[in-house]
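Novice: No letters, just coordinates:
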């Protein structure tokens, strides 16, 4: 059974709309992350959370807002969507922030913005 | 900045043949980064395949090996005899530091297709 669940698997949105990507982990980990992979680009780090607190934010835009309602949840809200936001978004977790290199990933949400 | 280069986007190998996937890195945030190979099987998330934290050492897992070469700043992935079940996307990565936080810097990934 997958230990990190991302929903939905596929998402199509129109420019200017808002979407929330869901991530839940059942590994008992204390740190969670979002990474993104756009076409022909490497996976890039977006956010890290440790014990539900933001540790690092490498996204340039405030349109991307992580939301942690529970310890094992880290959703990603994206507002005013643009076609350049089209990418596969991966949620990941680690035991704690010190283990940020040994990550467990979800299978991703592929977002297409038309 | 920090970066990882994987020169092959796709590699096709016949079953039981040998494999090498190239990876080189460049880093400014940390002198001797930890190096990783992650693998993504179809329909699944990325998972750690192997890691090496000491220059000159070799890591191995599931028949795959990679040696941390700080002279050539390389971390190539090798396997002596591939199986069809090895078909997946392989990502080379390094551990970087920004302020007090750590993160992974990934290469583009190499899709391995093993032909029966």
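Specialist: Sure, I can see it. These figures come from a predicted structure and were not determined experimentally.

Novice: Up against chain A, what does chain B have?
Specialist: Chain B has residues B:4, B:34, B:36, B:38, B:40, B:43-48, B:51, B:91, B:93, B:95, B:98-109 near chain A, with proximity defined as CB under 8 Å from any CB of the partner chain. For the C-beta atoms, the positions are set from N, CA and C on the backbone; glycine is no exception.

Novice: Counting neighbours, what do you get for the nearest residue in space to residue B:1 that is not next to it in sequence?
Specialist: Distances taken as CB to CB, 6 or more residues apart in numbering or on different chains put residue B:28 closest to residue B:1, at 6.0 Å, once the chain neighbours are dropped. The burial metric for residue B:28, expressed as a neighbour count using other CB atoms under 10 Å in any protein chain shown, is 9.

Novice: again with residue A:94
Specialist: By other CB under 10 Å, 22 other residues sit near residue A:94.

Novice: Quick check: beta-bridge partners of it?
Specialist: In this structure, residue A:94 has beta-bridge partners residue A:31, where bridges are defined by DSSP bridges.

Novice: now chain A, which segments are flagged as low pLDDT?
Specialist: A:1 (pLDDT under 70).

Novice: Where does residue A:92 sit: helix, strand or coil?
Specialist: For residue A:92, the secondary-structure state derived from DSSP: H, G, I helix; E, B strand; the rest coil is strand.

Novice: Residue A:32 is in contact with that one, correct?
Specialist: Yes. Counting by CB atoms under 8 Å, residue A:32 is a contact partner of residue A:92 at 7.1 Å.

Novice: Counting neighbours, go ahead and name the busier of the two.
Specialist: Neighbours were tallied for residue A:92 and for residue A:32 using other CB under 10 Å; the higher tally belongs to residue A:32 (30 against 26).

Novice: Could you tell me how far the more buried one is located from residue A:83?
Specialist: 27 Å (CB to CB, to the nearest Å).

Novice: Chain B contacts on chain A?
Specialist: Residues of chain A found near chain B (CB under 8 Å from any CB) are A:2, A:4, A:33, A:35, A:40-45, A:48, A:55-56, A:58, A:90, A:92, A:97-98, A:100-108.

Novice: Identify those among these that sit within helices.
Specialist: Filtering the residues of chain A next to chain B for membership in helices, criterion DSSP state H, returns an empty set.

Novice: Now do the same contact list for the residue minimising distance to the centre of chain A.
Specialist: Note on chain A: the residue nearest the mean C-alpha position is residue A:34, at 3.3 Å, using CA atoms, centre = their mean. Contact criterion CB atoms under 8 Å, 6 or more residues apart in numbering or on different chains gives A:23, A:46, A:47, A:66, A:74, A:76, A:89, A:90, A:91, A:92 as the residues in contact with residue A:34.

Novice: Look up how far residue B:14 lies from it.
Specialist: Distance, residue A:34 to residue B:14, using CB to CB: 38 Å.

Novice: Residue A:58 too?
Specialist: According to CB to CB, residue A:58 stands 41 Å off from residue B:14.

Novice: more crowded one of those two?
Specialist: For residue A:58 versus residue B:14, the count of surrounding residues by other CB under 10 Å is larger for residue A:58: 14 against 10.

Novice: is it true that the more buried one touches residue B:98?
Specialist: Yes. Taking CB under 8 Å as the definition, residue A:58 is a contact partner of residue B:98 at 7.4 Å.

Novice: Excluding chain neighbours, give the residue nearest to residue A:44 in space.
Specialist: Nearest residue to residue A:44 in three dimensions, chain neighbours excluded: residue A:36, at 5.6 Å (CB to CB, 6+ apart).

Novice: May I have the beta-bridge partners of the closest residue to chain B within chain A?
Specialist: Chain B sits closest to residue A:105 of chain A, with a gap of 3.5 Å, by CB to the nearest CB. Here residue A:105 sits in beta bridges with residue A:92, as judged by DSSP bridges.
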